[in-house]
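> take this sequence and fold it.
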Amino acid sequence: MRDCEFHYLKLIQLFIIDCGLKLFKTKFEPLGCNCRVLPLHDSQKILAIRLTAWQKEVKSVIEWYKKEHDNFHVVDGTMSKWWLSEKCKEIAFESVRATQTYMERTYQGKAASIKNLCITPSEFQARLGVFGQYCPVSLALRGEFCDCSTQPNLDLAAEFRGKYYKMASDIELEEFLMNAALLCAPLAQRELRAGRRVAEEGNGHRRLKPCFPNESNCKLRPRLPFLEPKSEVRTF
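Here you go, the predicted model:
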């Protein structure tokens, strides 16, 4: 699928059914009668080896999908087949509804949420707006520099006129979706260009602090008096 601006949307949702170790052992207990014609590799020992190897290899795959697309889900395998089917359909339908809402709002020229659209961090970084990782709503309404770069996902991000923006909370996100034209250029009353340097200096102090765990020795000294010839005592 692609929207009116010819940006492709990848609607992929991954599921892992967590059956639990107890159910796994019960499922593959040896049968009372030996009615097999040929031996099969389904004993508890060989299945345990295969499960251990799978758990070792799949960890990096899960981390990659969580970091890049945020589309990984774990469902409870101890529930019924009907429950599993309905749970997976619920997550899939939520992704489809988010995509339909996104395409409708962007076609109308409005701001749209990009939650559940599987947008990668590199794509988001490449299309950041003039506010960068700072919340435009907090800057416009309260004059605050809210750094949103520490958010683990894009649940509070939105797109407007082909650019991405991050918000500090759900309240700011709703405000941006309703009044994005007034919060962005050219109608925005405040822009980040003049205040970005001040905000980055404040954030730079927090980033450099872990690099210097010990207290600095360059502290202010007490004011010392000095005496000039034929003059009163002065201090500096």
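> tell me the buried residues in stretch 108-125?
For stretch 108-125, the buried set under the neighbour-count rule, 16 or more other CB atoms under 10 Å, comprises Lys110, Ala111, Ala112, Ser113, Ile114, Lys115, Asn116, Leu117, Cys118, Ile119, Phe124. No exception for glycine: its C-beta is placed from N, CA and C like everyone else's.
> apart from its chain neighbours, what residue comes closest to the second one?
Counting by CB to CB, 6 or more residues apart in numbering, Ala180 is the residue found nearest to Ala111 once chain neighbours are left out, at 3.5 Å.
> quick one: that neighbour and Lys163 touch, right?
No: between Ala180 and Lys163 there is no contact under CB atoms under 8 Å: 10.1 Å.
> the two: which is more packed in?
A count of neighbours by other CB atoms under 10 Å puts Ala180 above the other of Ala180 and Lys163, at 23 against 15.
> relative to Val137, how far out is the more buried one?
Using CB to CB, to the nearest Å, we find Ala180 at a distance of 10 Å from Val137.
> quick one: residues contacting Phe176.
Ala111, Pro136, Val137, Ala158, Phe160, Tyr165, Met167, Leu183 (CB atoms under 8 Å, 6 or more residues apart in numbering).
> what's the closest of those residues to Trp82?
Ala158 (36.0 Å; CB to CB).
> just the element for that closest one, please.
Assigned by DSSP states H and E, Ala158 falls within strand 157-160.
> for Thr106, give me phi and psi.
phi -70, psi -30 (degrees, to the nearest 10).
> count of neighbours near it?
Counted with other CB under 10 Å, residues neighbouring Thr106 total 20.
> returning to what we had before: closest to Arg97 among the contacts of Phe176?
Closest to Arg97, out of all of the contacts of Phe176 and judged by CB to CB, is Ala158, at 16.1 Å.
> these two touch, right, that closest one and Leu177?
Yes: the pair Ala158 / Leu177 is scored as a contact, 6.2 Å apart, by CB under 8 Å.
> list residues touching both of the two?
Contacts common to Ala158 and Leu177, judged by CB under 8 Å, 6+ apart, are Ala111, Ala112, Ser113.
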